[in-house]
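>>> any chance you can model this:
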Amino acid sequence: MTQRTESGNTVWRFDLSQQFTAMQRISVVLSRATEVDQTLQQVLCVLHNDAFLQHGMICLYDSQQAILTIEALQEADQQLIPGSSQIRYRPGEGLVGTVLSQGQSLVLARVADDQRFLDRLGLYDYNLPFIAVPLIGPDAQTFGVLTAQPMARYEERLPACTRFLETVANLVAQTVRLMAPPAVRPSPRAAIAQAASPKSCGTSRTFGFENMVGNSPAMRQTMEIIRQVSRWDTTVLVRGESGTGKELIANAIHHNSPRAGAPFVKFNCAALPDTLLESELFGHEKGAFTGAVRQRKGRFELADGGTLFLDEIGESSASFQAKLLRILQEGEMERVGGDETLQINVRIIAATNRNLEDEVRLGHFREDLYYRLNVMPIALPPLRERQEDIAELAHFLVRKIAHNQSRTLRISEGAIRLLMSYNWPGNVRELENCLERSAVMSENGLIDRDVILFNHRDQPAKPPVISVSHDDNWLDNNLDERQRLIAALEKAGWVQAKAARLLGMTPRQVAYRIQTMDITLPRL
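Predicted structure coming up:
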């Protein structure tokens, strides 16, 4: 590209000699590569300085987690977004996920015109083009994506610019395959296609019904309702206590519906104050307020054609409820600072752990909004009401934890019986946390009852019996776990190793419980 001026405006023209210079410098960078992330960032720097392609980004596919992660950003952008490494894309999600799943370049003359554009980085100029090209291995499998935005809108030069970026991607792909760890090397195309295809979402690892574990009558009824409601665009209200899996239900409904190929956008109604809610949900125009340096799409606009999940709807303010009601009634909205009325087509799935009928009666929730949302209610039973599912859930979660920890884990029948004696006020989320904590404490990979530690504020309904010798019948099994541990420590003269022998534990397990149960040891 070369720079010249037309009517006082800076214009960039693609130039073959400049393209050759950029390619030469990229080749030098790759030939000297020692670390993947540093090398990729240097490549993006060359694209910006010599090829005039801004906001460069390279994402690599993590086959273990089945997600795309940001491996490198242009240096200036990385400083603006320090948490960019936490941004994820699923195959088929957004523009980047689409390129991964299809294995083909994607070119937009104006990035704002494509509803798949998620703008999670908040960097791009909506009026400029956008190019995303795949990183492809020798077996024709896509394992990453390279994206960049030209600095000017010249549609006739986009094909040449795209070919240049595809050539760069080929060089980068070869370097990454040689240097990257196995987790980001090419994975089977079938796995990517299954995760990205709307038809396969019903059986996908992340969003399938198989993740809804349980054969109790309550769970069978819930899953049948989900299967039925997924077929239509009906508004859904998911109700249940914290930790019962309301977001999982919303994901399953969307990814098993005709809208599966469109965006699934999540929003926590209690996460932001009213001053930021309107901009976050409806977007804003450039200059609408201080700091609005560019036009921004809101969550409703990003979800157009797809599904918007409104979590914790019962926590929303009266102002938010009034604005939400208008969109549900009329299907239209305006961005903050704008006068253009936008028509949107969004399916709403809301979730709450509150009793909305009581909230309506107390005047905290609008009655008309309640009836708009409560078209198809789905009530998730708490874990204590389906204890027959605990064993199956525990085995399922142990397999999940074993996969995340890359080792073999088992759970004993004694541990299962202990789990079934607990009330689980935190529901499935608390069960998963308990099992993960127990897995950490299990050195040999067997989760037995002696490594299971409940929240000491909420003890099992039936306190577990700890086997002790006949000479130690001083230990009352009616005591809760913390009290029994203190009793054993007192019996052992506060020597942890002796207390461990009395309780049939290891010293490490006793030390761990002392720390987590806030037991203060006397100074001896």
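>>> and the most centrally placed residue in the chain, what does it touch?
With distances taken as Cα atoms, centre = their mean, the chain has Arg88 as the residue nearest its mean C-alpha position (7.1 Å). Shown in contact with Arg88 (Cβ atoms under 8 Å, 6 or more residues apart in numbering): Ile67, Leu68, Thr69. Using the backbone N, CA and C atoms, a C-beta is placed for each residue, glycine as well.
>>> how about a cut-off of 6 Å?
Ile67 (Cβ atoms under 6 Å, 6 or more residues apart in numbering).
>>> where does the nearest residue to Gln149 once chain neighbours are set aside fall, phi/psi-wise?
Nearest residue to Gln149 in three dimensions, chain neighbours excluded: His55, at 4.7 Å (Cβ to Cβ, 6 or more residues apart in numbering). In this entry, His55 is assigned phi and psi values of phi 50, psi 40 (degrees, to the nearest 10).
>>> can you give me the neighbour number for His55?
Here the count is done by other Cβ atoms under 10 Å, and His55 has 22 residues near it.
>>> quick one: the helices in the stretch 1-150 of the chain?
Defined through DSSP state H, counting those that start in this stretch, the helices belonging to the stretch 1-150 of the chain, from first to last, are 16-31, 36-50, 75-80, 94-102.
>>> quick one: low-confidence ranges for the stretch 101-250 of the chain?
When residues are selected by pLDDT under 70, those of the stretch 101-250 of the chain lie in 180-211.
>>> before we move on, what about the chain?
Scanning the chain with the threshold set as pLDDT under 70 gives 1-17, 82-85, 180-211, 274-275, 290-293, 455-480, 523-524.
>>> nearest residue to Asn427 in space, please, no chain neighbours.
Here the residue nearest Asn427, using Cβ to Cβ, 6+ apart, is Gly243, at 3.5 Å.
>>> so that neighbour touches Gly426, yeah?
Yes. Contact between Gly243 and Gly426 holds when scored by Cβ atoms under 6 Å: they sit 4.8 Å apart.
>>> what about Ile226, how many neighbours?
Look at Ile226: counted by other Cβ under 10 Å, it has 19 neighbours.
>>> so what's it up against?
When the contact criterion is Cβ under 6 Å, 6+ apart, the partners of Ile226 are Ala252.
>>> ok, it to Gln387 distance?
Using Cβ to Cβ, to the nearest Å, Ile226 is found at 22 Å from Gln387.
>>> again, but for Val440
25 Å.
>>> quick revisit: nearest to Ala499, of the helices of the stretch 1-150 of the chain?
Nearest of those to Ala499, taken as Cβ to Cβ: helix 36-50 at 48.0 Å.
>>> that closest one: how far from the chain's middle?
A distance of 28 Å separates the centroid of the chain from that of helix 36-50, by Cα atoms, centre = their mean, to the nearest Å.
>>> what does it rub up against?
Residues outside helix 36-50 that contact it (Cβ under 6 Å, 6+ apart) are 21-22, 25-26, 29, 33, 53-54, 56, 58, 71-72, 74, 148, 179-180.
>>> go through those residues and name the one nearest Asn127.
The shortest gap between Asn127 and any of the contacts of helix 36-50 belongs to Gln54, at 13.3 Å (Cβ to Cβ).
>>> count of neighbours near the closest one?
One way to gauge burial is a neighbour count; for Gln54, by other Cβ under 10 Å, it gives 19.
>>> I'd say it and Pro150 touch.
No. Under the criterion of Cβ under 6 Å, Gln54 lies out of contact with Pro150, with a separation of 7.7 Å.
>>> any idea which helix is longest in the chain?
Once the chain is assigned using DSSP state H, the helix that runs over the most residues is helix 158-179.
>>> for that helix, packing partners?
Counting contacts by 3 or more Cβ pairs under 6 Å, 6 or more residues apart in numbering; DSSP states H and E, the secondary-structure elements packed against helix 158-179 are helix 16-31, strand 130-136.
>>> deepest of those, which one?
Comparing the helices and strands packed on helix 158-179 by mean neighbour count (mean count of other Cβ atoms under 10 Å), strand 130-136 comes out on top with a mean of 24.
>>> chain center to that strand, what's the gap?
For strand 130-136 - counting by Cα atoms, centre = their mean - the centre lies 23 Å from the chain centre.
>>> many thanks, I have nothing further to ask.
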